[in-house]
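J.: Fold the stuff below for me.
(chains A and B)
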Amino acid sequence: SQTIHQWPATLVQPVGSPLSLECTVEGTSNPNLYWYRQAAGRGLQLLFYSVGIGQISSEVPQNLSASRPQDRQFILSSKKLLLSDSGFYLCARSLGGGSYNEQFFGPGTRLTVL
Amino acid sequence: SQQGEEDPQALSIQEGENATMNCSYKTSINNLQWYRQNSGRGLVHLILIRSNEREKHSGRLRVTLDTSKKSSSLLITASRAADTASYFCATDFGNQFYFGTGTSLTVIP
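T.: Residues are numbered from 1 along each chain as shown, chains lettered A, B, ... in the order given. The predicted model follows:
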(Lines give C-alpha, C1' and ligand atoms only; values in the text may rest on other atoms or scores of the structure.)
Protein backbone atom coordinates (compact mmCIF):
# COMPACT_ATOMS: atom_id res chain seq x y z
CA SER A 1 0.00 0.00 0.00
CA GLN A 2 1.18 3.49 -0.80
CA THR A 3 -1.48 5.16 1.34
CA ILE A 4 -0.65 8.51 2.85
CA HIS A 5 -2.86 10.04 5.51
CA GLN A 6 -3.02 13.72 6.27
CA TRP A 7 -5.06 15.50 8.85
CA PRO A 8 -6.87 17.64 9.29
CA ALA A 9 -8.32 18.00 5.79
CA THR A 10 -9.15 21.65 6.33
CA LEU A 11 -8.11 24.12 8.98
CA VAL A 12 -8.90 27.75 9.72
CA GLN A 13 -6.55 29.42 12.16
CA PRO A 14 -6.05 32.99 13.38
CA VAL A 15 -2.81 34.85 12.77
CA GLY A 16 -0.32 34.18 15.54
CA SER A 17 -1.74 30.80 16.50
CA PRO A 18 0.33 27.60 16.45
CA LEU A 19 0.07 24.91 13.81
CA SER A 20 0.55 21.19 13.69
CA LEU A 21 -0.16 19.16 10.57
CA GLU A 22 0.39 15.45 10.60
CA CYS A 23 1.25 13.01 7.86
CA THR A 24 1.53 9.27 8.23
CA VAL A 25 2.40 6.76 5.56
CA GLU A 26 1.77 3.07 5.10
CA GLY A 27 3.86 0.57 3.23
CA THR A 28 7.61 0.62 2.66
CA SER A 29 9.81 1.38 5.62
CA ASN A 30 12.30 4.27 5.62
CA PRO A 31 10.63 6.27 2.87
CA ASN A 32 11.76 9.75 1.91
CA LEU A 33 9.07 12.15 3.09
CA TYR A 34 8.25 15.63 1.82
CA TRP A 35 6.15 18.65 2.73
CA TYR A 36 5.00 20.97 -0.05
CA ARG A 37 2.90 24.10 -0.02
CA GLN A 38 0.73 25.12 -2.93
CA ALA A 39 -0.66 28.65 -3.07
CA ALA A 40 -3.94 29.13 -4.89
CA GLY A 41 -3.51 28.50 -8.62
CA ARG A 42 0.22 27.98 -8.27
CA GLY A 43 2.78 25.22 -8.41
CA LEU A 44 4.22 23.30 -5.50
CA GLN A 45 6.91 24.73 -3.30
CA LEU A 46 9.12 22.21 -1.55
CA LEU A 47 9.30 23.12 2.15
CA PHE A 48 11.02 20.19 3.85
CA TYR A 49 12.19 16.71 3.11
CA SER A 50 13.41 13.89 5.29
CA VAL A 51 15.43 10.79 4.46
CA GLY A 52 15.09 9.24 7.91
CA ILE A 53 14.01 9.65 11.52
CA GLY A 54 15.21 12.95 12.92
CA GLN A 55 16.72 14.01 9.58
CA ILE A 56 15.13 17.16 8.19
CA SER A 57 16.29 19.35 5.33
CA SER A 58 14.74 22.75 4.82
CA GLU A 59 14.41 24.29 1.42
CA VAL A 60 13.28 27.78 2.28
CA PRO A 61 13.68 29.94 5.40
CA GLN A 62 10.32 30.53 7.01
CA ASN A 63 8.44 30.34 10.26
CA LEU A 64 7.60 26.67 9.69
CA SER A 65 9.44 23.65 11.01
CA ALA A 66 9.22 19.93 10.45
CA SER A 67 9.91 16.87 12.53
CA ARG A 68 10.06 13.15 11.91
CA PRO A 69 9.63 11.42 15.26
CA GLN A 70 8.88 8.02 13.72
CA ASP A 71 9.79 6.35 10.45
CA ARG A 72 6.31 6.82 8.97
CA GLN A 73 5.31 10.08 10.63
CA PHE A 74 6.11 13.56 9.38
CA ILE A 75 4.87 16.67 11.16
CA LEU A 76 4.74 20.27 9.99
CA SER A 77 4.58 22.91 12.69
CA SER A 78 4.60 26.60 13.35
CA LYS A 79 4.73 28.56 16.61
CA LYS A 80 2.99 31.60 15.12
CA LEU A 81 1.11 31.54 11.86
CA LEU A 82 1.28 34.37 9.33
CA LEU A 83 -1.32 35.31 6.75
CA SER A 84 1.13 34.19 4.07
CA ASP A 85 1.09 30.66 5.49
CA SER A 86 -2.33 30.07 3.95
CA GLY A 87 -2.29 27.41 1.28
CA PHE A 88 -2.70 23.78 0.42
CA TYR A 89 -0.17 21.59 2.22
CA LEU A 90 0.74 18.31 0.66
CA CYS A 91 2.73 15.46 2.14
CA ALA A 92 4.46 13.07 -0.22
CA ARG A 93 6.69 10.05 -0.07
CA SER A 94 9.13 8.46 -2.45
CA LEU A 95 11.14 5.29 -2.37
CA GLY A 96 14.45 7.10 -2.72
CA GLY A 97 16.70 8.03 -5.58
CA GLY A 98 17.15 6.32 -8.91
CA SER A 99 15.39 5.99 -12.20
CA TYR A 100 12.08 4.84 -10.72
CA ASN A 101 11.80 7.58 -8.16
CA GLU A 102 8.21 8.75 -8.20
CA GLN A 103 6.26 10.53 -5.54
CA PHE A 104 2.99 9.52 -3.94
CA PHE A 105 0.92 12.31 -2.50
CA GLY A 106 -1.49 12.52 0.36
CA PRO A 107 -4.90 14.20 0.02
CA GLY A 108 -3.62 17.50 1.42
CA THR A 109 -4.61 19.95 4.14
CA ARG A 110 -6.14 23.27 3.17
CA LEU A 111 -5.04 25.91 5.66
CA THR A 112 -6.62 29.33 5.86
CA VAL A 113 -5.02 31.88 8.17
CA LEU A 114 -7.29 34.79 9.05
CA SER B 1 15.28 28.49 -8.33
CA GLN B 2 15.44 25.04 -9.84
CA GLN B 3 11.72 24.95 -10.50
CA GLY B 4 10.51 24.17 -13.96
CA GLU B 5 7.99 26.17 -15.86
CA GLU B 6 5.13 24.90 -17.93
CA ASP B 7 3.45 26.59 -20.79
CA PRO B 8 0.83 27.41 -21.56
CA GLN B 9 -0.45 28.32 -18.11
CA ALA B 10 -3.96 27.50 -19.26
CA LEU B 11 -5.34 25.50 -22.17
CA SER B 12 -8.92 24.97 -23.27
CA ILE B 13 -9.81 22.45 -25.96
CA GLN B 14 -12.77 20.50 -27.28
CA GLU B 15 -13.25 16.88 -26.38
CA GLY B 16 -11.49 14.65 -28.88
CA GLU B 17 -8.72 17.14 -29.64
CA ASN B 18 -5.12 16.67 -28.62
CA ALA B 19 -3.58 18.70 -25.81
CA THR B 20 0.10 19.60 -25.71
CA MET B 21 1.85 21.21 -22.79
CA ASN B 22 5.51 22.02 -22.39
CA CYS B 23 7.94 22.13 -19.51
CA SER B 24 11.33 23.80 -19.26
CA TYR B 25 13.80 23.25 -16.45
CA LYS B 26 17.13 24.66 -15.40
CA THR B 27 19.51 21.99 -14.13
CA SER B 28 20.69 18.61 -15.36
CA ILE B 29 18.32 15.86 -14.28
CA ASN B 30 18.13 12.15 -13.50
CA ASN B 31 14.61 11.93 -14.81
CA LEU B 32 11.57 14.06 -15.44
CA GLN B 33 8.07 13.22 -14.32
CA TRP B 34 4.60 14.46 -15.12
CA TYR B 35 1.82 14.65 -12.54
CA ARG B 36 -1.84 15.45 -12.66
CA GLN B 37 -3.87 17.28 -10.04
CA ASN B 38 -7.62 17.43 -9.93
CA SER B 39 -8.98 20.50 -8.22
CA GLY B 40 -8.36 20.45 -4.47
CA ARG B 41 -6.70 17.05 -4.49
CA GLY B 42 -3.25 15.60 -4.20
CA LEU B 43 -1.06 14.96 -7.23
CA VAL B 44 -1.07 11.68 -9.11
CA HIS B 45 1.97 10.40 -10.95
CA LEU B 46 1.41 9.95 -14.70
CA ILE B 47 4.69 9.06 -16.34
CA LEU B 48 8.44 9.16 -15.79
CA ILE B 49 11.02 9.60 -18.50
CA ARG B 50 14.68 9.00 -17.80
CA SER B 51 17.37 11.43 -18.89
CA ASN B 52 18.66 8.95 -21.50
CA GLU B 53 15.23 8.50 -23.06
CA ARG B 54 13.78 10.76 -25.73
CA GLU B 55 10.18 9.61 -25.93
CA LYS B 56 7.82 7.51 -23.87
CA HIS B 57 4.21 6.42 -24.26
CA SER B 58 1.59 5.38 -21.75
CA GLY B 59 -1.93 4.91 -23.07
CA ARG B 60 -3.05 8.26 -24.48
CA LEU B 61 -0.01 10.02 -23.06
CA ARG B 62 3.15 10.75 -24.99
CA VAL B 63 6.11 12.43 -23.35
CA THR B 64 9.22 13.73 -25.06
CA LEU B 65 12.44 14.91 -23.48
CA ASP B 66 15.14 17.10 -25.01
CA THR B 67 17.98 17.38 -22.51
CA SER B 68 19.96 19.70 -24.80
CA LYS B 69 17.13 22.23 -24.60
CA LYS B 70 16.19 21.28 -21.05
CA SER B 71 12.58 20.82 -22.09
CA SER B 72 9.85 18.23 -22.13
CA SER B 73 6.39 18.01 -23.61
CA LEU B 74 3.29 16.07 -22.63
CA LEU B 75 0.78 15.19 -25.31
CA ILE B 76 -2.65 13.89 -24.40
CA THR B 77 -4.39 12.44 -27.43
CA ALA B 78 -8.14 12.18 -27.99
CA SER B 79 -8.86 14.23 -24.88
CA ARG B 80 -11.86 13.57 -22.67
CA ALA B 81 -13.76 15.80 -20.28
CA ALA B 82 -12.29 13.72 -17.44
CA ASP B 83 -8.80 14.92 -18.45
CA THR B 84 -9.69 18.36 -17.09
CA ALA B 85 -7.05 19.00 -14.42
CA SER B 86 -3.76 20.76 -13.79
CA TYR B 87 -0.62 19.10 -15.07
CA PHE B 88 2.82 19.56 -13.55
CA CYS B 89 6.28 18.51 -14.57
CA ALA B 90 8.79 17.63 -11.87
CA THR B 91 12.53 17.14 -11.87
CA ASP B 92 14.59 15.53 -9.17
CA PHE B 93 17.87 16.77 -7.80
CA GLY B 94 19.26 14.27 -5.36
CA ASN B 95 16.47 13.59 -2.87
CA GLN B 96 14.66 16.78 -3.75
CA PHE B 97 11.87 17.27 -6.26
CA TYR B 98 11.06 20.50 -8.03
CA PHE B 99 7.69 21.08 -9.60
CA GLY B 100 6.78 23.47 -12.35
CA THR B 101 4.04 26.05 -12.15
CA GLY B 102 1.55 23.85 -13.96
CA THR B 103 -0.76 23.94 -16.95
CA SER B 104 -4.47 24.10 -16.28
CA LEU B 105 -6.27 22.02 -18.91
CA THR B 106 -9.99 22.33 -19.56
CA VAL B 107 -11.60 19.85 -21.93
CA ILE B 108 -15.00 21.01 -23.11
CA PRO B 109 -17.52 18.24 -23.76
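J.: In chain B, what residue lies closest to chain A?
T.: When scored by CB to the nearest CB, chain B has B:G42 as its residue closest to chain A, at 3.5 Å. For every residue, glycine as well, the C-beta is placed using N, CA and C.
J.: So what pairs up with the closest residue to that residue other than its chain neighbours in the strands?
T.: Leaving aside its sequence neighbours, B:G42 sits nearest to A:F105 (CB to CB, 6 or more residues apart in numbering or on different chains; 3.5 Å). Counting by DSSP bridges, A:F105 is bridged to A:A92.
J.: Likewise for the one 4 residues further on?
T.: Residues found in beta-bridge contact with A:T109 (criterion: DSSP bridges) are A:Y89.
J.: Could you do B:S72 as well?
T.: Beta-bridge partners, per DSSP bridges, of B:S72: B:C23, B:L65.
J.: what residues are up against A:G54?
T.: Residues in contact with A:G54 (CB atoms under 8 Å, 6 or more residues apart in numbering or on different chains) are A:68-69.
J.: how much space between it and chain B?
T.: Per CB to the nearest CB, to the nearest Å, A:G54 is found 15 Å from chain B.
J.: quick one: the strands in chain A?
T.: For chain A, applying DSSP state E gives strands covering A:4-7, A:10-13, A:19-25, A:32-38, A:44-52, A:55-58, A:64-70, A:73-78, A:87-94, A:103-105, A:109-113.
J.: CSV for the ones you listed, including mean pLDDT?
T.: Converted to CSV, the strands of chain A look like this (pLDDT from 0 to 100):
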stretch, mean pLDDT
strand A:4-7, 94
strand A:10-13, 96
strand A:19-25, 96
strand A:32-38, 93
strand A:44-52, 91
strand A:55-58, 91
strand A:64-70, 95
strand A:73-78, 96
strand A:87-94, 93
strand A:103-105, 90
strand A:109-113, 96
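J.: could these be laid out in a markdown table, adding mean neighbour count?
T.: Shown next, in a markdown table, are those (neighbours: other CB atoms under 10 Å in any protein chain shown):
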| stretch | mean neighbour count |
| --- | --- |
| strand A:4-7 | 18 |
| strand A:10-13 | 14 |
| strand A:19-25 | 19 |
| strand A:32-38 | 23 |
| strand A:44-52 | 20 |
| strand A:55-58 | 14 |
| strand A:64-70 | 16 |
| strand A:73-78 | 20 |
| strand A:87-94 | 23 |
| strand A:103-105 | 22 |
| strand A:109-113 | 18 |
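J.: Which one of these lies nearest to B:L32?
T.: strand A:103-105 (12.8 Å; CB to CB).
J.: Show me how far the closest one is from its chain's centre.
T.: 11 Å (CA atoms, centre = their mean, to the nearest Å).
J.: May I see the strands of chain A organised as a markdown table, with distance to B:S12 added?
T.: Putting the strands of chain A into a markdown table (distance: least, CB to CB, whole Å) gives the following:
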| stretch | distance to B:S12 |
| --- | --- |
| strand A:4-7 | 31 |
| strand A:10-13 | 29 |
| strand A:19-25 | 34 |
| strand A:32-38 | 22 |
| strand A:44-52 | 23 |
| strand A:55-58 | 38 |
| strand A:64-70 | 36 |
| strand A:73-78 | 35 |
| strand A:87-94 | 23 |
| strand A:103-105 | 26 |
| strand A:109-113 | 26 |
